[in-house]
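Visitor: Give the three-dimensional model of this entry:
(2 chains, ligands or ions: 2)
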Amino acid sequence: MVITFPNMGNVALAMQTLCQSLKIPYVLPGRNNKATLQIGSYYSPEEICLPFKLVLGNFIQSIEKGADTLLITGSCGPCRFGEYCELLMKILSKLGYNNLDFIVADLSSEIGIKEFMRRMSRISAASPISRSDKIKALYTAFKVVELCDKIDAMAYHLAGYETNKGECKQVLNEYKTKAFECKNPEEMMRLLDFYKKYFENISTNNNKDPLKISIIGEIFTIIEPFSNFYIEEKLMDYGVSTRRTLSPSWWVKNLILKPIKMDSKDINRAAGEYMPYAVGGHGRECVGEAVLAKGYGMDGAIQIYPLGCMPEVIAKSILPAIQRDKDFPIMTLIVDEVAGEAGYITRVEAFLDMLQSKKRHLKVQEPLVSRPVTVRCLGNHN
Amino acid sequence: MNIGVPRGLLYSKYHVFAETFLEEIGAKIVVSPATNKLILDEGVRYCVDDACLPMKVFHGHVSWLKDRCDAMLVPRFIGIKEKEYICPMFCGSIEMVSNNIPQLPCLIDTPICSTQNYKLSQWAKKTGSVLTKDENKIMAALDKALQRHGNSKTGFNDEGYPLKIGLIGHAYNIYDKFINMDLKKKLNGLGIGIITSEYINGADIADEAGKLFKKPFWTFAQEYYGAAVCIIKTKKADGIIYLSSFSCGIDSVVIELIKSETGDFPFMVLKLDEHTGEAGFDTRIEAFADMLKRRCGIGHNLS
Ligand code: SF4
Ligand code: SF4
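Guide: Numbers count the residues shown, from 1 in each chain, chains lettered A, B, ... in the order given. Ligands and ions are numbered 1, 2, ... in the order given. Next up, the predicted model:
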């Protein structure tokens, strides 16, 4: 058994650590790139959402490298994500990859704890280590993803305050590259500890008052940098401080808390007034985050989602109301595989300019009315 | 009190129920007219542009009604079966119209979850309370509405045409003659009768859907997939047309699932949006009809 998994931001690092400690052979999905997307969209159904295309691309690339067991998380509605596994099975078998084993990690609350354990036991059985070590391995993997998310968050936030221009971004990239090269969990933990301390002590200028922006929207698209044109890193270049609540570790915690209905309580409460019922995906979180962002001290928010994403289309209908009620500018970025970078950068810049002048006006107590901004990036890949 | 009922989304499936219920509790009903250019344009104007066509059409109907009634019934369909959904867009349709269209009258948007009887009565009581305090009257109205709904039948099963195709897709695409440019008439004109999923045995449909690794959690997706596979296996028809709309997330999955079962069975997908031109649409239908005729050896003396 050679296991592989889709590349979703820091999830890949956690999975890498997990497989290393379980001593299971694995194929690490490479960083997503144009080739991944091209392969993925070529074999994908028309009009399926972007995450599917990337997941399919990852799997095909990893199978070519020898993977035969595909791990994918599922859900049971109401959005398409829950149907990904069925489609993947059909498409990959049509492509002639017949000896594949799928491990679909659906929510235990939907398929029953027994079925869940049965599915997971297939991974567990392939691991030679003891039961208690397996549990420790799981814990370490979660620690890894939590630490990574924390370091990322620090880097994105501090980029607005750094004294040495570009340091945060450079160090962020450096640690990501090194992390993928780690050979065992201990090495990974040491590395992450080092970089966490690094960011804690990075030299900053706290007199700066940078623009602060919340990144909200569809979870896959915002946590997998390739699918959003590395927007957070671009914003670092502009000296903008960004904040994003949705992350892999948030997702895991949320899943664990869901059965006891303790999941993202504050976000749901905030969304309640605008969206009283969940709409699948993370549409409600998007709305809730938009409502809360101003209270976090943000100057604006950017909603990002893949073309055709249903929950986010609903959220998009609601955002202008929040923008109006809270006098809080929100911009929407829709990405799809024919989207080009050039078109969207100018729009993001225009948005930043608008926020900047709004901020200046606020300082002299002169309110400036903001209008909804929506951009759609179309054009060619460069 | 005038209660508006938009003729969009699931109207064709549930209008008997809704109208009977409202009439019985003493409401005056205003139904928006069949979709027309004006309604479509209004819908496109108000709705966010990356939504699916049926959602835009629904916006158009709501907008038509907004000045013509005191309250509007826009049921929030969460699910019609246990642990199943219709589509994320349905869960949020109310938020969409209420945020996208200004100056709406009061919306009666109690969630309707017909998975269990008591949930349905809850819905009835809440909805009915807008008009009457009399609970007995409401329950009687609900009974009557359910009964009439049970007796109503939608769907087509044409007889007497040389060829027959299964027409699969969302009710709001199949029954909206404006949106689909009266596809039924076009097909009938070409000598093709149609059968829709309502005329395929429900147990067989469930059987086929159950064979998937994971039964789709969208009620209608099960129905369309199951019906299409039944038609393919039993040869109940000579081909299948899947009538879909652009940006429909559900269809993007269902079509792919059906495609993996078609083999060489004639299968065509027709996609609608507000820009669909009739000429191109006709060409595709005619080409498909020709292909069916050749396959079945009709009107062709060569084979
Ligand atoms: S939430 Fe959006 S991206 Fe995710 S499965 Fe649903 S439609 Fe696709
Ligand atoms: S099922 Fe498709 S067409 Fe119907 S509301 Fe949902 S996305 Fe739109």
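Visitor: Please make it C-alpha for all contacts and neighbour counts, starting now.
Guide: OK.
Visitor: what comes up buried for the helix or strand that residue B:283 is a member of?
Guide: Per DSSP states H and E, residue B:283 falls inside helix B:278-296. Neighbour-count burial for helix B:278-296, with 16 or more other Cα atoms under 10 Å in any protein chain shown as criterion, is recorded at B:281, B:285, B:288-290, B:292-293.
Visitor: And it, how far out from the chain middle?
Guide: Between the centre of helix B:278-296 and the centre of its chain there are 24 Å (Cα atoms, centre = their mean, to the nearest Å).
Visitor: now the most centrally placed residue in chain A, nearest residue through space, not along the chain?
Guide: What sits nearest the mean C-alpha location of chain A, by Cα atoms, centre = their mean, is residue A:223, with 1.5 Å. Spatial nearest neighbour of residue A:223, excluding adjacent residues (Cα to Cα, 6 or more residues apart in numbering or on different chains): residue A:9 at 5.4 Å.
Visitor: how about the nearest residue to the residue in the stretch 1-150 of chain B that ligand 1 sits nearest to, chain neighbours excluded?
Guide: Of all residues in the stretch 1-150 of chain B, the one sitting closest to ligand 1 is residue B:88 (8.3 Å; Cα to the nearest ligand atom). Spatial nearest neighbour of residue B:88, excluding adjacent residues (Cα to Cα, 6+ apart): residue A:279 at 5.1 Å.
Visitor: Next: residue B:194.
Guide: Nearest one to residue B:194, counting by Cα to Cα, 6+ apart, is residue B:165 at 5.0 Å.
Visitor: Now name the helix or strand holding that neighbour.
Guide: Short version, using DSSP H and E: residue B:165 is in strand B:163-169.
Visitor: I'd like to know which elements that strand is packed against.
Guide: On a contact count with 3 or more Cα pairs under 8 Å, 6 or more residues apart in numbering or on different chains; DSSP states H and E, strand B:163-169 meets strand B:192-196, helix B:219-234, strand B:239-245.
Visitor: Counting neighbours, what do you get for residue A:20?
Guide: Look at residue A:20: counted by other Cα atoms under 10 Å in any protein chain shown, it has 18 neighbours.
Visitor: quick one, what contacts it?
Guide: Each residue near residue A:20 by Cα atoms under 8 Å, 6 or more residues apart in numbering or on different chains is listed here: A:183-185.
Visitor: Got the domain ranges for the chain?
Guide: This is for chain A. A:3-127, A:131-158+A:161-208, A:210-382 (automatic domain parsing).
Visitor: actually it's chain B I care about, not the one you picked
Guide: Listed by automatic domain parsing, the domain ranges of chain B are B:2-151, B:163-296.
Visitor: Which of those domains sits closest to residue A:135?
Guide: Residue A:135 lies closest to domain B:163-296 among the domains of chain B, at 28.7 Å (Cα to Cα).
Visitor: so, in contact with ligand 1 or not, that closest one?
Guide: No. Using Cα under 6 Å from any ligand atom, domain B:163-296 never reaches ligand 1; the gap is at least 6.5 Å.
Visitor: Show me just the buried residues among the contacts of residue A:20.
Guide: Buried among the contacts of residue A:20 (16+ other Cα under 10 Å): residue A:185.
Visitor: Which members of the contacts of residue A:20 are positioned in strands?
Guide: Within the contacts of residue A:20, no residue falls in strands by DSSP state E.
Visitor: shouldn't residue A:100 be in contact with residue A:66?
Guide: No. Contact criterion Cα atoms under 8 Å: residue A:100 and residue A:66 do not qualify, at 10.7 Å.
Visitor: For residue A:43, which non-adjacent residue is spatially closest?
Guide: Residue A:43 sits nearest to residue A:91 (Cα to Cα, 6+ apart), 7.4 Å away.
Visitor: A strand includes residue A:102, no?
Guide: Yes. Assessed by DSSP: H, G, I helix; E, B strand; the rest coil, residue A:102 belongs to a strand.
Visitor: Could you give the bridge partners of it?
Guide: Beta bridges link residue A:102 to residue A:70 when assigned by DSSP bridges.
Visitor: coming back round to it: nearest to residue B:209, of the domains of chain A?
Guide: domain A:3-127 (12.0 Å).
Visitor: do the closest one and ligand 2 meet at all?
Guide: No. Domain A:3-127 stays clear of ligand 2 (Cα under 6 Å from any ligand atom), getting no nearer than 10.0 Å.
Visitor: start to end distance for that domain?
Guide: End-to-end span of domain A:3-127 (Cα to Cα, to the nearest Å): 12 Å.
Visitor: what's the distance between that domain and the middle of its chain?
Guide: 16 Å.
Visitor: ok, now stretch B:204-224?
Guide: That offset, for stretch B:204-224, works out to 17 Å (Cα atoms, centre = their mean).
Visitor: that older thread, can you check the pLDDT for the residue of the stretch 1-150 of chain B closest to ligand 1?
Guide: Note for residue B:88: predicted pLDDT of 88.
Visitor: Kindly report the same for the one 4 residues further on.
Guide: Residue B:92 carries a pLDDT value of 88.
Visitor: Am I right that it is in contact with residue A:281?
Guide: No. With contact defined as Cα under 8 Å, residue B:92 does not reach residue A:281; the gap is 11.9 Å.
Visitor: so what's the backbone phi/psi at the residue nearest to residue B:88?
Guide: Backbone geometry at residue A:279, expressed as degrees, to the nearest 10, gives phi -120, psi 20.
Visitor: Where does chain A get nearest to ligand 2, which residue?
Guide: Nearest residue of chain A to ligand 2 (Cα to the nearest ligand atom) works out as residue A:310 at 6.9 Å.
Visitor: Can you get me a residue count around that residue?
Guide: 31.
Visitor: Dump the domains of chain A into CSV; add mean pLDDT as well.
Guide: Output for these, formatted as CSV (pLDDT from 0 to 100):
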stretch, mean pLDDT
domain A:3-127, 88
domain A:131-158+A:161-208, 94
domain A:210-382, 84
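Visitor: Turn those into a markdown table, columns for distance to residue B:198.
Guide: A markdown table is the format used below for those (distance: least, Cα to Cα, whole Å):
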| stretch | distance to residue B:198 |
| --- | --- |
| domain A:3-127 | 23 |
| domain A:131-158+A:161-208 | 49 |
| domain A:210-382 | 27 |
